[in-house]
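# Fold the stuff below for me.
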Amino acid sequence: MGKLIDALYYLVVTALIGGFVVQGALKLTPTLEHTFGTAAARVPDSWAFPLAIIGLLTLNLLLERILPLRALSEAHWVYTARPARRMPGFDGLSWVQLGLVGAVAALVGMGQGMWWQYAVIAVLSRFMMGMRNWTLAQLLAAGVTRSVGLGGLSVQDSELVSQAFAQCAITNNPKVWLAVRPAGNPWLLVARRYGRRFYLPLLVVIIVCLSLSMAPTWPQVAAVVFLLAWSILGAGVARCARFGMWGSPETARVLWVVVAGHALVAAMILWVTWRAVNPAALVATVVMVVYVGVVRSRPRAATSAEVVDSGLGAMVSPDLIGYYGKGLVVALVGAVITLAAISGS
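Down below sits the predicted model:
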């Protein structure tokens, strides 16, 4: 009975968050249209559905890689499940994942009038991908993977979290990565780092497919979502080209080239999809993506436990806000400037 109550609590919280997001998107679209005008997109309506399905399936694949749906922590097994002679794998976090995936899919499909169809497809595919860990060894291994995947929420150290994700790739494929020979070429090292961080190419597919699937019906919202998400992704790409104390002028040039290439890809997508022929839109995009990628890729950590009263009945930590919001103000301003330039072109 207790587990049922916990699951219902998680579902209610997820539904509330999803409702706020949906209502915000519905109110944001007419506001953006009134402020900036209509930004046309070159994505045909017939492409929206397959792009959305590819993006949602890739999202489910990424979630299963970093947050397995069925998992069991060692502490829960030793102190709770084993004495009760049970081997559960489906818990409250599993319900939260299903709820969040359904909310994201409903938001993507709402502009096309297919919100519940997208939600059903996303939830069913997430459930089918997650029903694969049945033995105790598989559940415990998935529990370790899930603990690492949740590290970004409980450990406020960007370098530690990034290295933990990369180490998971080595652990899951030891024969591939342990057989790699040492190299001194910085470009080869960047490529290897990018390959170990398997979530980066998956995030590229997710961001591009989901934003383009919303472009025919919600061009303004899709442009803002794409720019913000692509800028944040640039931090992970830039981190592959950072060498810390072992760096040199050559590796510094590699960093700037990698980040600039990432920004030029965003500008090209804007030019092709949202008809961003205005030079101001392309320049703002490149500057924003480069700045956010470089700033957020620098080592940062939350070290202060100080909290202040927000005036809204809750205590907030300025250090945590600075940790998670590093560079996002510039990204938001750059996205607004780009959107204004696109709408006026």
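# what about residue 238, distance to residue 338?
Residue 238 sits 20 Å away from residue 338 when distances are taken as CB to CB, to the nearest Å. (Glycine included, C-beta is placed from N, CA and C.)
# nope, residue 322 is what I meant
From residue 322 over to residue 338 the distance is 25 Å, taken as CB to CB.
# sorry, back to before: the more surrounded of residue 238 and residue 338?
Relative neighbour count places residue 338 above the other of residue 238 and residue 338, with 30 against 23, counting by other CB atoms under 10 Å.
# isn't that one right up against residue 270?
Yes - here residue 338 reaches residue 270: they are 7.1 Å apart, a contact under CB atoms under 8 Å.
# Residue nearest the middle of the protein, spatially speaking?
The residue lying closest to the centre of the chain (CA atoms, centre = their mean) is residue 203, at 6.3 Å.
# could you say which helix or strand contains residue 51?
Under the criterion of DSSP states H and E, residue 51 resides in helix 48-66.
# now swap in residue 134 and tell me
Taking DSSP H and E as the criterion, residue 134 maps to no regular element, lying outside all helices and strands.
# now residue 83
Secondary structure here is read from DSSP H and E; on that basis residue 83 sits in neither a helix nor a strand.
# For it, what are phi and psi?
When read as degrees, to the nearest 10, the backbone of residue 83 gives phi -60, psi -30.
# Can you report how many residues neighbour it?
A total of 9 residues lie near residue 83 under the criterion other CB under 10 Å.
# again with residue 138
As a burial measure, the neighbour count of residue 138 was computed by other CB under 10 Å and equals 16.
# Now do the helix or strand hosting it and helix 48-66, the angle between them.
Assigned by DSSP H and E, residue 138 falls within helix 136-149. Going by axes from the mean of the first three to the mean of the last three CA atoms, to 10 degrees, helix 136-149 is angled at 110 degrees with respect to helix 48-66.
# List the buried residues of helix 136-149.
Residues of helix 136-149 classed as buried by neighbour count (16 or more other CB atoms under 10 Å): 138, 139, 140, 141, 142, 143, 144, 145, 146, 148, 149.
# Where does pLDDT dip in the stretch 1-150 of the chain?
Counting by pLDDT under 70, the stretch 1-150 of the chain contains low-confidence residues at 1-41.
# 90 - rerun?
Residues of the stretch 1-150 of the chain meeting the criterion pLDDT under 90: 1-48, 65-67, 69-96, 107, 109-116, 130-150.
# Quick one: the helices in it, in order.
Listed in chain order, the helices of the stretch 1-150 of the chain (DSSP state H, counting those that start in this stretch) span residues 2-36, 48-66, 74-76, 92-110, 115-130, 136-149.
# Make sure residue 49 is actually in contact with residue 112.
Yes - under the criterion of CB under 8 Å, residue 49 lies in contact with residue 112, with a separation of 7.4 Å.
# quick one, which of those two is more surrounded?
Shown here are residue 49 and residue 112; by other CB under 10 Å, residue 112 has more neighbours (18 against 15).
# which ones are touching the more buried one?
Taking CB atoms under 8 Å, 6 or more residues apart in numbering as the criterion, residue 112 is in contact with 48, 49, 216, 217.
# now residue 294
Listed by CB under 8 Å, 6+ apart, the contact partners of residue 294 are 238, 255, 259.
# Let's see that with 7 Å instead.
If you count contacts by CB atoms under 7 Å, 6 or more residues apart in numbering, residue 294 has them with 238, 259.
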